[in-house]
Each structure stands twice: as structure tokens, then as C-alpha cells.
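Engineer: No letters, just coordinates:
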Ligand code: 9MR
């Protein structure tokens, strides 16, 4: 009798009785995690994804490198495996990403730039790649990050312009974005097409991004929404900083996806990011008072962000960049140092951040 009475309390410390995030946010947005196929099928990610996710993004395997091996040679195996895993568990798939200044294989740019036909050859390779990839996943992917990180980080790029000085921009100018979006739309009339970027919570970066977006919308480029990456650190950003970015997207009649959310537990100064390891905070270890304090601050921040997301009908998908703290890109960036940026700990147990997010009874602060 006593044991039966105690059982629920014991279970609460684990994962069996916690609510599923996909149920908590069913009336608001799809919710999910970025993961790769070999991570998705192993603990702790597997059980978390199956229970909580209504959306999955491929961390790496849907990027041009590795998916586009050479002109007209594709490697879809890993991406197909992730899509199959997701579909077998009723999870929708976000595609990431078709055109980026990173992971853009050299074969796209092969040839002599002095040749009069060079730019049109690069354009044709981009169009062919986008059409073939989007066609391959037609009906299986609900949204694509068509172009990733097009906006310049500082006004110094491209003579103070809005566009990042990427290889794509150098060869094709701002039209590379039109080309990629139009090719994606031609290949799948139903998939949602996104311009994805980071730092939109910062007014100057947001202004450059919106300049690009407005130029594209004016030209009838089929952009359906904006992806807000949201790689944040505790203390770095408030919901009030992010709200104007959501409002700017709404004002243009588009939807927002939160595409890469994570919250580093290190409140590093800019010097750490600009010239690591200058000023980078020392590693925090689980079990320490610093760890507990960081997880509490992180939970408060996650809570206020989710209060913001649920308050905006235009937010139709929210993704964390990783599943659990055992695997995160922030372990190696900006320096090698264990980080704990997600909703589940390295063992897959819900963190204070999970409970803060799942507890939707909490009033917005
Ligand atoms: O997390 C990803 C990391 O493992 C890869 O090495 C890197 C390069 O492909 O990409 C990382 O993901 C990035 C994402 O694709 C775009 N926004 C920033 C993400 C973190 O760097």
C-alpha cells in the first residue's frame, strides 16, 4: 500500500510521468529537435524524440555537403534514414539547408570565374541541386531552410550592404537567393520555404536581414517564413529582445520558425567569441553550486522564451539544436568545454528547463 502510494513520486524523478512536449504545445506549434540519424536511434535521444517531438531537423545530413557529392551525384542514404525514422514515429521533418556559405562544396564553383559563362554555370548547378533535393523529399519534408545565414554580420560586408560576402553572393549577387527559392518552389508547390538566420534579436542584424527579406518579397520570391536560429547564452538575451523580430515577420504576413534554439550556460563576454579563449568562463561541472545556479537561470530564460512563442500565433514550429546535453555543438564552440544547453541532461533526464517549459500554467513574467 505504502509502496504503491509512493510510486508516482518516485516516477516523477524520472521521465515516465512527464508530459510530452508535443502534447503541451499541440495547439501552438510543432516542437522538436535537431539530430542526425545515428544519434536518433540510440539512447537517450531515441526515447525523447519518440515521446516529445512532432518535428525533427537533420543537424548535418541534409546539408549540400554531404548530400550533394558532385554535380548530379547525390548521397541520400543518411537523410532518408532520418526521414524514415521520423515518419515511422509520426514525426514531421524540417529540411536544413539547401544553400549556405558553409558546407557549399567546391564542385558548385568549379570553372574559371573569368569565363563569360561561369556565373550561369554556377546558377544552373544551384538550380539543379535544389530541384533534385526538394523533389526527392517532396511530401516528406514540411519546410526547408532554403537559404541559411544570408545577412551580413557587420555593415562592413559587401560595402556596407545587407548581404553576407559569401561565395554565392560573389558569383551570383543577391539573385542567388531568388534562384534557390524559385527552384525550391518549382520542385514542391506545397513545402514551406524559409530564410533562416541568427542574431535577429539584435537590431542592426535584424535591419540587414529585413532589408534582404523586403527586397525578395517585393520581387515575388516565394518566401513563406523566417527561421530564427536563437543560439543564446544565459543572460544574453531577453524575450523582449526577440519579440520585435517576431513582430517584424508578422507585419510582412509571414510565419516564424524557431529553428536552432539552445542556451549556453556560460555567460561569456564578447572577447571569448571574438578571440577565444580570451575571457571564456571556466568549465562548470555537474553537481557543483555553479551548475545548479546556471540550470536555474537557464530554466527561467527558457520559460520566458516559450511564453513569448506561445503568445505569437505566427510561431508555428520550435526546434532545439540537439536533443540532450550528451551531444551539443557547444561542447566545442567557442572553446572545448562541456556545455549543457538543452532541455534534457546527458542521461536524458528532464532538466529544470524542461519543467519550466512544460509547465504552461506559469503566467508570463
Ligand atoms: O551543429 C552543427 C555542427 O555540428 C556542424 O559542424 C556545423 C557545420 O555543418 O553546423 C552546425 O550547425 C549549424 C547550423 O547548421 C546553422 N546554424 C548554426 C549551427 C551551429 O553552428
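Structural biologist: Arrived safely. As the structure is a computational prediction, the values presented were derived from the model and not from experiment.
Engineer: mind listing what's buried in the host helix or strand of residue 293?
Structural biologist: Per DSSP states H and E: residue 293 is located in helix 289-311. Using 16 or more other Cβ atoms under 10 Å as the test for burial, helix 289-311 gives 294-295, 297-299, 301-310. All C-beta atoms are positioned from the backbone trio N, CA, C, and that covers glycine.
Engineer: For the stretch 201-350 of the chain, give the residue positioned nearest to the ligand.
Structural biologist: Closest to the ligand within the stretch 201-350 of the chain is residue 329: 3.5 Å, counting by Cβ to the nearest ligand atom.
Engineer: Quick check: that residue touching residue 321?
Structural biologist: Yes: using Cβ atoms under 8 Å, residue 329 makes contact with residue 321 at a distance of 7.0 Å.
Engineer: Same drill for those two, tell me which one is more crowded.
Structural biologist: For residue 329 versus residue 321, neighbours defined as other Cβ atoms under 10 Å are more numerous around residue 321 (21 against 16).
Engineer: Using the three-state scheme, assign the residue lying closest to the more buried one once chain neighbours are set aside.
Structural biologist: Distance criterion Cβ to Cβ, 6 or more residues apart in numbering; nearest residue to residue 321, sequence neighbours excluded, is residue 260 at 4.1 Å. Three-state assignment for residue 260 (DSSP: H, G, I helix; E, B strand; the rest coil): strand.
Engineer: Tell me how far residue 260 lies from residue 149.
Structural biologist: Distance, residue 260 to residue 149, by Cβ to Cβ, to the nearest Å: 11 Å.
Engineer: Spit out the residues that contact the two alike.
Structural biologist: residue 198 (Cβ atoms under 8 Å, 6 or more residues apart in numbering).
Engineer: packing partners for the following helix or strand past the helix holding residue 293?
Structural biologist: The helix or strand immediately downstream of helix 289-311 is strand 315-320, counting by DSSP H and E. Strand 315-320 sits against strand 30-35, strand 55-58, strand 255-264, helix 289-311, with contacts defined as 3 or more Cβ pairs under 8 Å, 6 or more residues apart in numbering; DSSP states H and E.
Engineer: And the average pLDDT for stretch 195-208 is what?
Structural biologist: Averaged across stretch 195-208, the pLDDT comes to 97.
Engineer: wait, residue 49 sits on residue 33?
Structural biologist: Yes: counting by Cβ under 8 Å, residue 49 does reach residue 33; the two are 6.4 Å apart.
Engineer: interface residues of the stretch 101-250 of the chain facing the ligand?
Structural biologist: Neighbours of the ligand within the stretch 101-250 of the chain, by Cβ under 6 Å from any ligand atom: 102, 103, 148, 229.
Engineer: pLDDT, distance to residue 352 and neighbour count added to the residues you listed, as TSV?
Structural biologist: Formatted as TSV, these follow (pLDDT from 0 to 100; distance: Cβ to Cβ, whole Å; neighbours: other Cβ atoms under 10 Å):
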residue	pLDDT	distance to residue 352	neighbour count
102	97	33	11
103	96	34	15
148	98	31	23
229	98	23	22
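Engineer: Could you identify the helix or strand that succeeds the worst-scoring helix or strand of the chain on mean pLDDT?
Structural biologist: Taking mean pLDDT, DSSP states H and E as the measure, the helix or strand of the chain with the lowest value is helix 2-12, at a mean of 37. Counting by DSSP H and E, the element after helix 2-12 in chain order, helix or strand, is helix 21-24.
Engineer: starting at the chain centroid, how far to that following helix?
Structural biologist: Chain-centre distance of helix 21-24: 19 Å, with Cα atoms, centre = their mean, to the nearest Å.
Engineer: got it, and stretch 180-187?
Structural biologist: On Cα atoms, centre = their mean, the centre of stretch 180-187 falls 21 Å from the chain's centre.
Engineer: shaky segments in the stretch 1-150 of the chain?
Structural biologist: 1-16 (pLDDT under 70).
Engineer: can you do 90?
Structural biologist: 1-17 (pLDDT under 90).
Engineer: Likewise for the stretch 151-300 of the chain?
Structural biologist: For the stretch 151-300 of the chain, the ranges with pLDDT under 90 are 154-161, 273.
Engineer: residue boundaries of the strands in this structure?
Structural biologist: Under the criterion DSSP state E, the chain contains strands at 30-35, 55-58, 68-70, 73-74, 92-100, 141-148, 192-197, 225-228, 231-233, 255-264, 315-320.
Engineer: will you turn those into CSV that also has distance to residue 216?
Structural biologist: Converted to CSV, those look like this (distance: least, Cβ to Cβ, whole Å):
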stretch, distance to residue 216
strand 30-35, 24
strand 55-58, 23
strand 68-70, 23
strand 73-74, 27
strand 92-100, 13
strand 141-148, 9
strand 192-197, 7
strand 225-228, 11
strand 231-233, 24
strand 255-264, 15
strand 315-320, 20
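Engineer: If anything else comes up later, I'll come back, but that's it for now.
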